[in-house]
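Peer 1: From the sequence below, what's the structure:
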Amino acid sequence: MTVEQTVEAAGETVSEAKWNALRELELRIPSLDRDAVRFQVLSEGERGLLGVGYEPARVLATAGEAAVAGHAAPVDESEAAARLRDLLTHVAAAIGVRCRIEIAEDETSLVGTCLGDDLGLLIGRHGQTIDAVQVLAATIAGRGEERKDVVVDASGYRARRRRTLEALALRSAEEVVRTGGRVELEPMSAAERKVVHTSLQDRRDVVTGSEGDEPNRYVVVEPAA
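Peer 2: Below you'll find the model as predicted:
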């Protein structure tokens, strides 16, 4: 069965109407293939004289099966993976970002990755938005099934953030050794605090701990006793 999405849009010119239609379709289908969208010109519009009798150009844009191919879930995808794909699709559309969604699943984990050119809005400041989406995804994707670790990533953000945290942990440990004092890091999510703890767990000259209450809980690095 072919799944289609159709929108009607207007503009001062046919070109502007087509552009507006594409923007509307992209909000509904973040992975839209623009080249596969079909257009029907309903009206070329009338400019009118001195603003009198103006009518906008109107077009009908249809995204057929070819245009939404990257949006459809694979037929062999598990229910949990399908729920994760559906959630990420709706979140991307609500935020207004275009991305391709890839799902990877094994016996213990479920990873949803959003791929695109500009996903800053999806990531958010210090990863706050994507972390919130990940918490929601863990609740929705694991519903009614054996719990799995759920990760939501965006164009390699998790790997970049891990490298940043590992470097921060090392600098903090060196400062503690040099000054003999303690270093308090910025508030982080539980997953990010774990990265810092793990990065320094084999050192004998410093110890780490967590203080504060969520969502402002942070890591403390101190000299080893």
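
Peer 1: biggest helix in the chain, by residue count?
Peer 2: helix 157-179 (DSSP state H).

Peer 1: So what's the gap between it and the chain middle?
Peer 2: 25 Å (C-alpha atoms, centre = their mean, to the nearest Å).

Peer 1: Downstream of it, the next helix or strand is which one?
Peer 2: Helices and strands here follow DSSP states H and E; after helix 157-179, the next one along the chain is strand 183-184.

Peer 1: All the strands of the protein, residue numbers only.
Peer 2: For the chain, the strands defined by DSSP state E occupy 5-11, 37-43, 57-63, 100-105, 109-115, 149-154, 183-184, 206-211, 218-223.

Peer 1: Mind putting those strands into JSON lines with distance to Arg160 and mean neighbour count?
Peer 2: The way it works is simple: take the backbone N, C-alpha and C, and place the C-beta from them, glycine included. JSON lines is the format used below for those (distance: least, C-beta to C-beta, whole Å; neighbours: other C-beta atoms under 10 Å):
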{"stretch": "strand 5-11", "distance to Arg160": "34", "mean neighbour count": "17"}
{"stretch": "strand 37-43", "distance to Arg160": "33", "mean neighbour count": "15"}
{"stretch": "strand 57-63", "distance to Arg160": "33", "mean neighbour count": "20"}
{"stretch": "strand 100-105", "distance to Arg160": "17", "mean neighbour count": "16"}
{"stretch": "strand 109-115", "distance to Arg160": "13", "mean neighbour count": "20"}
{"stretch": "strand 149-154", "distance to Arg160": "10", "mean neighbour count": "20"}
{"stretch": "strand 183-184", "distance to Arg160": "22", "mean neighbour count": "16"}
{"stretch": "strand 206-211", "distance to Arg160": "22", "mean neighbour count": "16"}
{"stretch": "strand 218-223", "distance to Arg160": "19", "mean neighbour count": "19"}
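
Peer 1: Quick one: these as a markdown table, columns for distance to Val195 and mean pLDDT too.
Peer 2: What follows is those, written out as a markdown table (distance: least, C-beta to C-beta, whole Å; pLDDT from 0 to 100):
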| stretch | distance to Val195 | mean pLDDT |
| --- | --- | --- |
| strand 5-11 | 40 | 87 |
| strand 37-43 | 42 | 90 |
| strand 57-63 | 40 | 90 |
| strand 100-105 | 20 | 89 |
| strand 109-115 | 16 | 91 |
| strand 149-154 | 13 | 91 |
| strand 183-184 | 16 | 96 |
| strand 206-211 | 11 | 96 |
| strand 218-223 | 9 | 96 |
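
Peer 1: out of those strands, which comes closest to Glu192?
Peer 2: For Glu192, the closest of those is strand 218-223, at 8.6 Å, according to C-beta to C-beta.

Peer 1: mind exporting the closest one as PDB, just the C-alpha atoms?
Peer 2: Presented in PDB, the C-alpha positions along strand 218-223 are these (Å, rounded to 0.1, in the frame of the first residue of the first chain):
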ATOM      1  CA  TYR A 218      27.700  17.300  39.800                       C
ATOM      2  CA  VAL A 219      31.000  15.500  40.000                       C
ATOM      3  CA  VAL A 220      33.600  16.400  42.500                       C
ATOM      4  CA  VAL A 221      37.300  15.500  42.000                       C
ATOM      5  CA  GLU A 222      39.500  15.400  45.200                       C
ATOM      6  CA  PRO A 223      42.900  14.200  46.200                       C
END
